[in-house]
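*Asks:* Generate a structure from the sequence data that follows.
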Amino acid sequence: MMLRPCSFRLILPLLFIAAPVQGAQELKGWLEWVHEVEMRVLQNGLVEEVAVSAGQHVSKGELLLRMDQREAKANLLEARARVARARVAGEKAQRVLARSQELFDQGLIASEELKDAELEQAAAMAEQEAAKAVEASRLVALEHTELRAPFDGIVVARHAWKGAVIYRTLQEQPLMIIAPDDRMLARALVTADVLRRLKLGQPARVKVNGATREGRVYSLGVQSVRVELDGAVYYLDILFERRADDRLRPSERVQILLP
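*Replies:* Residues are numbered from 1 along each chain as shown. From the prediction side, this is the model:
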């Protein structure tokens, strides 16, 4: 008779340990690009070529848009000619200085003549450096007549067409908008109580198109999106890798699973 109470007391802790663990919290959300880069040209001119369309995937360095380059190329050629002339003048001044040094060492010319040769050589070298600076500036101006992809990504928007006249100070909207497409954000609206339970980098999962992806907490909202009767709501962003064969677009609905 005394064994029954003991057996009952041993079973209680075992039942408590075997209790089911609470399931993950599920939130409804949508997809967003991680970030977008707005691109504008830095030179006035005529659009000569638009090489991409909205929705097109591009590689880093790929040409997006080219302006008319004739004036920029002519300016660069002129600058390179100036560099060539300056180089010849510098070589000549160096030879004159070397010859003047020999004559001075032989006592055939005065120190003032040697000093003049040194000043001419210094002036020639300064002109050569100035010519190189102009060449570099003209090369940058030529590069600014093109837009190239800053990274592998997707063309989110295109606001440029062949033949359009562009003024760098009057570009009301970007000519191109590019976003990286190797990663995406799953975004949800949550209360401050939910944010307090999370940490940056914490694992999370995203369910999209029937498949579950591993991700992590990317950002915790600081400023409220809006204030409702039940309190303020904030953005919660989960970052996950996008597969090469995915056809994911912003605003698509997803489920976010939090531990």
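
*Asks:* Of all the residues in the longest helix seen in the chain, which ones are buried?
*Replies:* Taking DSSP state H as the criterion, the chain has its longest helix at helix 70-105. Neighbour-count burial for helix 70-105, with 16 or more other C-beta atoms under 10 Å as criterion, is recorded at 72, 75-76, 79-80, 82-83, 86, 89-90, 93, 96-97, 100, 104. No exception for glycine: its C-beta is placed from N, CA and C like everyone else's.

*Asks:* closest to Gly210 among those?
*Replies:* Ala72 (51.7 Å; C-beta to C-beta).

*Asks:* Wait, the closest one touches Gln43, no?
*Replies:* Yes. In this structure Ala72 lies within contact range of Gln43 using C-beta atoms under 8 Å: 7.1 Å.

*Asks:* one step back: name the nearest of the buried residues of helix 70-105 relative to Ala179.
*Replies:* Looking across those and measuring by C-beta to C-beta, the closest to Ala179 is Ala72, at 28.9 Å.

*Asks:* Model confidence score at the closest one, please.
*Replies:* pLDDT for Ala72: 95.

*Asks:* For it, which residues are in contact?
*Replies:* Contacts for Ala72 (C-beta atoms under 8 Å, 6 or more residues apart in numbering) come out as Gln43, Arg138, Ala141, Leu142, Thr145.

*Asks:* which SS class is Met125?
*Replies:* helix (DSSP: H, G, I helix; E, B strand; the rest coil).

*Asks:* Find the residue closest to it in space, skipping its chain neighbours.
*Replies:* Nearest residue to Met125, sequence neighbours excluded (C-beta to C-beta, 6 or more residues apart in numbering): Gly90, at 5.6 Å.

*Asks:* Was I right to think the one you found contacts Ala124?
*Replies:* Yes. Taking C-beta under 8 Å as the definition, Gly90 is a contact partner of Ala124 at 4.3 Å.

*Asks:* Low-confidence regions, the stretch 1-150 of the chain specifically.
*Replies:* Scanning the stretch 1-150 of the chain for pLDDT under 70 picks out 1-23.

*Asks:* can you rerun that using 50?
*Replies:* Scanning the stretch 1-150 of the chain for pLDDT under 50 picks out 1-21.

*Asks:* now the strands for the stretch 101-250 of the chain?
*Replies:* In the stretch 101-250 of the chain, the segments counted as strands under DSSP state E, counting those that start in this stretch are 146-148, 153-158, 165-166, 176-179, 183-191, 203-208, 211-220, 226-228, 231-241.

*Asks:* quick one, what contacts the closest residue to Gln171 other than its chain neighbours?
*Replies:* Closest residue in space to Gln171, ignoring its immediate chain neighbours: Arg40 at 4.8 Å, by C-beta to C-beta, 6+ apart. Residues near Arg40 by C-beta under 8 Å, 6+ apart: Arg168, Gln171, Pro174, Leu175.

*Asks:* ok, the buried residues of helix 70-105 vs Ala157, which is closest?
*Replies:* Nearest to Ala157 among these is Ala72, at 26.2 Å by C-beta to C-beta.

*Asks:* Of the strands of the stretch 101-250 of the chain, which is nearest Glu112?
*Replies:* Glu112 lies closest, by C-beta to C-beta, to one member of the strands of the stretch 101-250 of the chain: strand 146-148, at 52.9 Å.

*Asks:* Who are the packing partners of the closest one?
*Replies:* The elements that strand 146-148 packs onto, with contact taken as 3 or more C-beta pairs under 8 Å, 6 or more residues apart in numbering; DSSP states H and E, are strand 63-67.

*Asks:* From Leu64, how far out is the residue nearest the centre of the chain?
*Replies:* For the chain, the residue nearest the mean C-alpha position is Pro150 (5.7 Å; C-alpha atoms, centre = their mean). Distance of Pro150 to Leu64, computed by C-beta to C-beta, to the nearest Å: 10 Å.
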